[in-house]
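Peer 1: Any chance you can model this:
(one chain, ligands or ions: 1)
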Amino acid sequence: MSEREPEGAAADDLGFAAETIDTSRPHPARMYDYYLGGRDNYEVDREAAQRVIDFLPDIIPAARANRDFLERAVRHLTESGIRQIIDIGTGIPTSPNTHEIAHSVSPDIRVAYVDNDPIVATHAGARLTGSGGNTGFFLGDVRKPETILEHPTLGELIDFEQPVALMLVAVLHFIKDEEDPAGIVAALRDALPAGSHLVLSHATADFHASSLPEVFKVYRNATATLNTRTYDEVLAFFDGFELLDPGLVQVPLWRPTAPPDPDAVKRIGFYGAVARKA
Ligand SMILES: C[S@@+](CC[C@H](N)C(=O)[O-])C[C@H]1O[C@@H](n2cnc3c(N)ncnc32)[C@H](O)[C@@H]1O
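Peer 2: Purely as a prediction, here's the structure:
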């Protein structure tokens, strides 16, 4: 987007300098925005994302299917009575955003958005927050769950005496094994009261083993590397939770609103599930 400025709030209004937005390296949030057909990306992101698409054209239906999973999961939980959501790894706003889905069910639902990418913050000001004080955004790194849990914006929005929906949708594959993703999920889980839910999706190489090495190379030059995981490795993140039906599945198979096309499902390298803390 060297040719265009972001449409969101000025970076310095949000507590960081505009120069912290690195336009020299591809950012996963902006690459994902490109896969979804968004315009909030820079040339460097488009080039990297296009290389991924060239090696793995299925990334486009997979990104869409992941987003649709997010929408169905949020709708399900809010229709079941959840009134507060922590959405970590928010991404650049794209319609419908988590709070828009939630507020179509009940306008009093509170949503705390967290992402570590300043570009997401610039857009969040205009497009994710300001819903009558029910939504907020702050910059936070999931690798430091305690800083997220202690953040004042989280404290203003989330009552830890009441059930929470914790969303880790398409974010943990940016966390390396040595950064202990399971420990991160456990730290967040332990802060949640019983009756809370985890919504988690994760990229896998299980369906695209041959094209993935080239994709890994592209992400190695990005600000976060891609760490795909197997079914069992993703399942392990749900330790301490009870999976809702149908369990951990490729995302189009999670409570679809119409029968999914089996040939299309084969192309989706994302697992997802929703689970309840007992
Ligand atoms: C693929 S996007 C997913 C967006 C949205 N959750 C969805 O599924 O549609 C991944 C997001 O995770 C964010 N992210 C990556 N590493 C992160 C970290 N360590 N802490 C917080 N957010 C992170 C990226 O900036 C990006 O916005």
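
Peer 1: so where's this structure shaky on pLDDT?
Peer 2: 1-20, 131 (pLDDT under 70).

Peer 1: at 80 what do you get?
Peer 2: Judged against pLDDT under 80, the low-scoring parts of the chain cover residues 1-21, 126, 130-132.

Peer 1: What residue in it comes nearest to the ligand?
Peer 2: When you check the chain against the ligand by C-beta to the nearest ligand atom, the closest residue turns out to be Gly91, at 2.6 Å. For glycine as for every other residue, the C-beta is placed from the backbone atoms N, C-alpha and C.

Peer 1: Up against the ligand, what does this structure have?
Peer 2: Contact residues of the chain with respect to the ligand, defined by C-beta under 6 Å from any ligand atom, are listed as 28-29, 32, 66-67, 70, 88-91, 115-117, 120, 141-143, 169-171, 174, 224.

Peer 1: at 8 Å instead, please
Peer 2: Contacts of the chain with the ligand, taken as C-beta under 8 Å from any ligand atom, map to 27-29, 31-32, 36, 63, 66-67, 70, 87-92, 94, 114-117, 119-120, 140-143, 167, 169-171, 174-175, 201, 224.

Peer 1: Compute the first-to-last residue distance for stretch 156-168.
Peer 2: Between the opening and closing residues of stretch 156-168 we find a distance of 20 Å, counting by C-alpha to C-alpha, to the nearest Å.

Peer 1: Name the residues of it that are buried.
Peer 2: When burial is assessed from 16 or more other C-beta atoms under 10 Å, stretch 156-168 yields the following buried residues: 157-158, 163-168.

Peer 1: how about the helix or strand where Ala264 lies: buried residues?
Peer 2: Using DSSP states H and E, Ala264 falls within helix 262-265. For helix 262-265, a neighbour-count test (16+ other C-beta under 10 Å) marks Val265 as buried.

Peer 1: Direction included, what does the next helix or strand after that helix pair against?
Peer 2: Elements were assigned by DSSP H and E; along the chain past helix 262-265, the next helix or strand is strand 270-276. Pairing partners of strand 270-276, with direction, according to DSSP bridges: strand 197-203 (antiparallel), strand 242-243 (antiparallel), strand 249-250 (antiparallel).

Peer 1: ok, now which ones touch the most centrally placed residue in the chain?
Peer 2: By C-alpha atoms, centre = their mean, the chain has its centre lying nearest to Val169, at 3.5 Å. Taking C-beta atoms under 8 Å, 6 or more residues apart in numbering, we find Val169 in contact with 66, 69-70, 73, 87, 89, 199-201, 272.

Peer 1: could you dump those residues to JSON lines with neighbour count?
Peer 2: Below are the contacts of Val169 laid out as JSON lines (neighbours: other C-beta atoms under 10 Å):
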{"residue": "Asn66", "neighbour count": "25"}
{"residue": "Phe69", "neighbour count": "28"}
{"residue": "Leu70", "neighbour count": "24"}
{"residue": "Ala73", "neighbour count": "27"}
{"residue": "Asp87", "neighbour count": "27"}
{"residue": "Gly89", "neighbour count": "24"}
{"residue": "Val199", "neighbour count": "25"}
{"residue": "Leu200", "neighbour count": "24"}
{"residue": "Ser201", "neighbour count": "28"}
{"residue": "Gly272", "neighbour count": "25"}
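
Peer 1: could you dump the longest helix seen in the chain to CSV, C-alpha only?
Peer 2: Ranked by residue count, the top helix of the chain under DSSP state H comes out as helix 59-79. Coordinates of each C-alpha in helix 59-79 appear next as CSV, following Å, rounded to 0.1, in the frame of the first residue of the first chain:
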residue,chain,number,x,y,z
ILE,A,59,-5.2,-20.7,0.1
ILE,A,60,-8.0,-18.5,-1.2
PRO,A,61,-10.9,-20.9,-0.5
ALA,A,62,-9.1,-21.9,2.8
ALA,A,63,-9.0,-18.3,4.0
ARG,A,64,-12.6,-17.8,3.1
ALA,A,65,-13.6,-21.1,4.8
ASN,A,66,-11.7,-20.1,7.9
ARG,A,67,-13.5,-16.8,8.0
ASP,A,68,-16.9,-18.5,7.5
PHE,A,69,-16.0,-20.9,10.4
LEU,A,70,-15.3,-17.8,12.6
GLU,A,71,-18.7,-16.4,11.7
ARG,A,72,-20.6,-19.7,12.5
ALA,A,73,-18.7,-20.2,15.7
VAL,A,74,-19.4,-16.6,17.0
ARG,A,75,-23.1,-16.9,16.0
HIS,A,76,-23.4,-20.2,17.7
LEU,A,77,-21.8,-19.1,21.0
THR,A,78,-23.6,-15.8,21.2
GLU,A,79,-27.0,-17.4,20.4
